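Asks: I would like the atomic coordinates for the input below:
(2 chains)
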2 protein chains.
Amino acid sequence: MQGNPQTAAPFLRNVPESLAVARARPLVQDLPTENIAELAVRAREIGDVIPLWYGEGDLVTPPFIRDAAKAALDAGRTFYEPNMRGAPGLTEALAAYQTRLHGREIARERSTVTPGGMQALALAFQLVLEPGHNIVYVEPQWPNIANLIHLSGGEGRPVPLALRDGDWRLDLDAVARACDARTRAIVFSTPANPTGWTASREDLAALLAFGRERGVWIVSDEVYNRLYWAGPSAPSILEIAEPEDLVLSINSFSKAWAMTGWRIGWLTHPASVAPHLAAMTQYVNSGVSPFVQAGAEAAIRDGEDLVETMRERCRRGVDLAYAALDRLPDVRLPAKPRGGMYVFFALESEPDSTAACRRVLEAARVGLAPGALFGASARPYLRMCVARDPDQLQTALDRLVVALGG
Amino acid sequence: MQGNPQTAAPFLRNVPESLAVARARPLVQDLPTENIAELAVRAREIGDVIPLWYGEGDLVTPPFIRDAAKAALDAGRTFYEPNMRGAPGLTEALAAYQTRLHGREIARERSTVTPGGMQALALAFQLVLEPGHNIVYVEPQWPNIANLIHLSGGEGRPVPLALRDGDWRLDLDAVARACDARTRAIVFSTPANPTGWTASREDLAALLAFGRERGVWIVSDEVYNRLYWAGPSAPSILEIAEPEDLVLSINSFSKAWAMTGWRIGWLTHPASVAPHLAAMTQYVNSGVSPFVQAGAEAAIRDGEDLVETMRERCRRGVDLAYAALDRLPDVRLPAKPRGGMYVFFALESEPDSTAACRRVLEAARVGLAPGALFGASARPYLRMCVARDPDQLQTALDRLVVALGG
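Replies: Numbering: from 1, shown residues only, chains lettered A, B, ... in the order given. Got it, this is the predicted structure:
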């Protein structure tokens, strides 16, 4: 190779448009690049659409959290946080919070702060998943999990929930049957996005026992665990796991603290892998902004009223949606979710959820997410986010009732 | 599997301490988990140590950037940014900035905003690197690159720079010889961390031509490209690459805009892979905080005076360091770097850089980073960050001169 621009010149023309794509990894080329983008484009044309398709509430992060971040900015906290796994104030607050919430000591070194719950999941998979191995996960499931497994070079093995007596149920034997010698983890979200299915303590104990017996990680996505009606938290694997169990819990400030745009979450893990997570954090994201962590620390220390507000908003949203949808003959509505921020229903007259979403968008000017995104077993369903202003949600529901012929 | 806590009970005891580590991926277990931590612990015992080991300046991010972030927080920009690849204001500013700086149009869809330069590199490798394939990189090199290649399941192939007439030189033929059919990318940083080696336009043209001929990606880490003495930017691959060339440029707000703690960077790429990067962003990190992006937008729009300040601080730091070190007989000092924020030198009397760093720490109370971290060819060297207050830096240098027997 010569360091001579003349030799380079012949190559400077005619670079084929497709070469860069062709030289991207096949795994990356396979990733679905569309989700509700097409619907969103149409929504902008229609105008006045009430967007219930995203997994996001409509409340701005409250002032006490924003003020904490601003104070950190004012104090000049604009340097690398020396401990990349989390600022001392935040990891201490997370330890106290999780210990209190789950009724057993969760030591500080067991939490790693991440740039968002998504990155917590990415680190979890990077920690445990070999290319060519598989992850068993409960479906319907938010699409990011299956796509991240694929991107990680693993095989995703969905185990569908079944509707029994109108209630989503997990068949634990089906989970066991889906596992083999190449299974590295069992993944679920509880309360689940999109179904609201919530693992019982018995489910969790059985999954934990199975994981121990087989040396399989249990990865519990607990991003919605505070948005639960029957107690301060949905049952958590952290309540029953020993510190060194093969258990990873994913969490985020996004949903329960109205902080989607802050991009901060955390991973709870055995202390023994903390050094590995420190190395991975350095080599993958190099940590989270100290002023964002200051906001999160305020949220976790002083945010119980906020969590209560978010929980009540979701619960009320579910009630409003069920009151409206339950009387529509065309709507198949499972039992009320025990938590989360979604209502998940199907139209008897339209089993193709993408077509159903288009119809709802055109006829009711309401944006819903098609179940097809959440796995094959979710194809007929539509997801509605109810973490909204009740008046706006009621308007959306009134429109739906008219459009769906109630 | 039974959903019965009794069957789980026998497993609830005696979880071996080591199981979680054993079930982490071997690749992860191999990652070095120590860097300068041991030295930093000793530094705290000694006290009054001047820390020149981190790649970070000592200036708090200026008010105009912090104010922009605070204004965004006040305006309620606390939701997901709809375009996860970057807020429109920031990607527009990046397009204008890069077009101006590099003298050729760099369209807006070619930039993807990332949570830090490290994550830009992680996405770049995830885009192009298959497990079992290799990446050729220029050494000495900051350790994150080799470690990330390893974590990605790839093989890292270092090509050492050679000191010729006191100057670091890249042997382009050695780069070519290191490549084979399984090579997916050639990676370098320019100006380089830690050597300050800077690719010439001829080097870049030759690398680009080679990449085109072989279908190999050129990944140019340009995080220090504004910290360059002979012009507004070090020569950049973006000046000569066609839009659809197999070229990825890594950048970050950390160094030139004094924003290490903000965790924001960007990746410049062919427009054709933008949909893939959109999907990867969604499934890996789900984007960057809108108020952090607001700060970055202010930095890129109004930050030229700041960049000039940072550049002058580094240049002056290099000059001060060379004035002090050049007269020490025990110090082997390459020619002055053309850019970057480091001075990289060796002690003739101590070829083990970790031992040398310990000696300097004890005798001079100055913290330096051992070259061993930057690859086998860098083993005798010590890295000093000079992006500091000149008075503090001079104090450190005075101590070094005394300690090293000047």
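Asks: CA atoms for contacts and neighbours, from now on please.
Replies: Will do.
Asks: Helix or strand for A:Glu202, just tell me which one.
Replies: Using DSSP states H and E, A:Glu202 sits in helix A:201-214.
Asks: Keeping just the C-alphas, turn whichever helix in chain A runs longest into CSV.
Replies: What stands out as the longest helix in chain A, according to DSSP state H, is helix A:304-325. Presented in CSV, the C-alpha positions along helix A:304-325 are these (Å, rounded to 0.1, in the frame of the first residue of the first chain):
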residue,chain,number,x,y,z
GLU,A,304,-42.8,7.9,46.2
ASP,A,305,-45.6,10.4,45.7
LEU,A,306,-44.7,10.6,42.0
VAL,A,307,-44.8,6.8,41.7
GLU,A,308,-48.2,6.8,43.4
THR,A,309,-49.4,9.4,40.8
MET,A,310,-48.1,7.3,37.9
ARG,A,311,-49.6,4.1,39.3
GLU,A,312,-53.0,5.8,39.8
ARG,A,313,-52.9,7.3,36.4
CYS,A,314,-52.3,3.9,34.8
ARG,A,315,-54.9,2.1,37.0
ARG,A,316,-57.5,4.8,36.2
GLY,A,317,-56.6,4.6,32.5
VAL,A,318,-57.1,0.8,32.5
ASP,A,319,-60.5,1.3,34.2
LEU,A,320,-61.6,3.9,31.7
ALA,A,321,-60.5,1.7,28.8
TYR,A,322,-62.2,-1.4,30.1
ALA,A,323,-65.5,0.6,30.8
ALA,A,324,-65.5,1.7,27.2
LEU,A,325,-64.2,-1.4,25.4
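Asks: Run the angle between the helix or strand following the helix holding A:Glu202 and helix A:201-214 for me.
Replies: Remark: after helix A:201-214, the chain's next helix or strand is strand A:217-221, criterion DSSP H and E. Put simply, strand A:217-221 runs at 150 degrees to helix A:201-214, going by axes from the mean of the first three to the mean of the last three CA atoms, to 10 degrees.
Asks: next structured bit after the longest helix of chain A?
Replies: Helices and strands here follow DSSP H and E; after helix A:304-325, the next one along the chain is strand A:331-332.
Asks: Give the other helices and strands that the helix or strand where A:Phe125 lies contacts.
Replies: A:Phe125 belongs to helix A:117-128 when elements are defined using DSSP H and E. Contacts defined by 3 or more CA pairs under 8 Å, 6 or more residues apart in numbering or on different chains; DSSP states H and E place helix A:117-128 against strand A:247-252, strand A:265-268, helix A:274-284, helix B:274-284.
Asks: Parallel or antiparallel, list what pairs with the first one.
Replies: In this case it means strand A:247-252. strand A:217-221 (parallel), strand A:265-268 (antiparallel) (DSSP bridges).
Asks: rewinding a little: for the helix holding A:Glu202, buried residues please.
Replies: If you call a residue buried by 16 or more other CA atoms under 10 Å in any protein chain shown, then helix A:201-214 has these buried ones: A:201-212.
Asks: now for those residues, which pair is the farthest apart?
Replies: A:Arg201 and A:Arg212 (16.3 Å; CA to CA).
Asks: contact partners of the longest helix of chain A?
Replies: A:226-229, A:256-258, A:331, A:333, A:336-337, A:339-343, A:386-390, A:393-394, A:397-398, A:401 (CA atoms under 8 Å, 6 or more residues apart in numbering or on different chains).
Asks: ok, A:Phe344 to chain B distance?
Replies: 22 Å (CA to the nearest CA, to the nearest Å).
Asks: correct me, but that residue touches A:Pro380?
Replies: No: applying CA atoms under 8 Å as the test, A:Phe344 and A:Pro380 come out as separate, 10.0 Å apart.
Asks: Can you give me the neighbour number for the nearest residue to A:Ala258 once chain neighbours are set aside?
Replies: Nearest residue to A:Ala258, sequence neighbours excluded (CA to CA, 6 or more residues apart in numbering or on different chains): A:Thr61, at 5.2 Å. By the criterion of other CA atoms under 10 Å in any protein chain shown, A:Thr61 has 24 neighbours.
Asks: ok, A:Thr61 - contacts?
Replies: A:257-259, B:76, B:78.
Asks: Quick check: the residue of the stretch 201-350 of chain A nearest chain B.
Replies: A:Gly261 (4.1 Å; CA to the nearest CA).
Asks: For that residue, the count of nearby residues, please.
Replies: Around A:Gly261 there are 26 residues (other CA under 10 Å).
Asks: Likewise for A:Arg332?
Replies: 18.
Asks: can I assume it is in contact with A:Ser349?
Replies: No: using CA under 8 Å, A:Arg332 makes no contact with A:Ser349, being 10.0 Å away.
Asks: quick one: the helix holding A:Glu202 to chain centroid distance?
Replies: Relative to its chain's centre, helix A:201-214 lies at 22 Å (CA atoms, centre = their mean, to the nearest Å).
Asks: What is that helix packed up against?
Replies: Using 3+ CA pairs under 8 Å, 6+ apart, helix A:201-214 sits against helix A:172-178, strand A:217-221, helix A:237-240, helix B:5-8.
Asks: what's the most buried one of those?
Replies: Per residue and on average, the most neighbours among the helices and strands packed on helix A:201-214 fall to strand A:217-221, with a mean of 26 (mean count of other CA atoms under 10 Å in any protein chain shown).
Asks: Now do it against helix A:117-128, angle only.
Replies: Going by the same axes, to 10 degrees, strand A:217-221 makes 180 degrees with helix A:117-128.
Asks: And the contacts of strand A:217-221?
Replies: Residues contacting strand A:217-221 (CA under 8 Å, 6+ apart): A:124, A:128, A:184-190, A:207-208, A:211, A:237, A:246-251.
Asks: give me the number of residues near A:Ala230?
Replies: 10.
Asks: Tell me which residues touch it, please.
Replies: Counting by CA under 8 Å, 6+ apart, A:Ala230 has contacts A:Arg338.
Asks: Validate this expectation: it resides in a helix.
Replies: No: A:Ala230: not assigned to a helix; according to DSSP: H, G, I helix; E, B strand; the rest coil it is coil.
Asks: Look up phi and psi at it.
Replies: phi -90, psi 20 (degrees, to the nearest 10).
Asks: And it, how close does it get to A:Arg338?
Replies: Distance from A:Ala230 to A:Arg338, counting by CA to CA, to the nearest Å: 7 Å.
Asks: what does A:Ile46 give?
Replies: 34 Å.
Asks: The two: which is more packed in?
Replies: More crowded of A:Ile46 and A:Arg338, by other CA under 10 Å: A:Arg338, with 20 against 12.
Asks: isn't the more buried one right up against A:Trp229?
Replies: Yes: A:Arg338 lies in contact with A:Trp229 (CA under 8 Å); the separation is 6.0 Å.
Asks: mind checking pLDDT for A:Asp58?
Replies: In this model, A:Asp58 is scored at 96, pLDDT.
Asks: Many thanks, have a good one.
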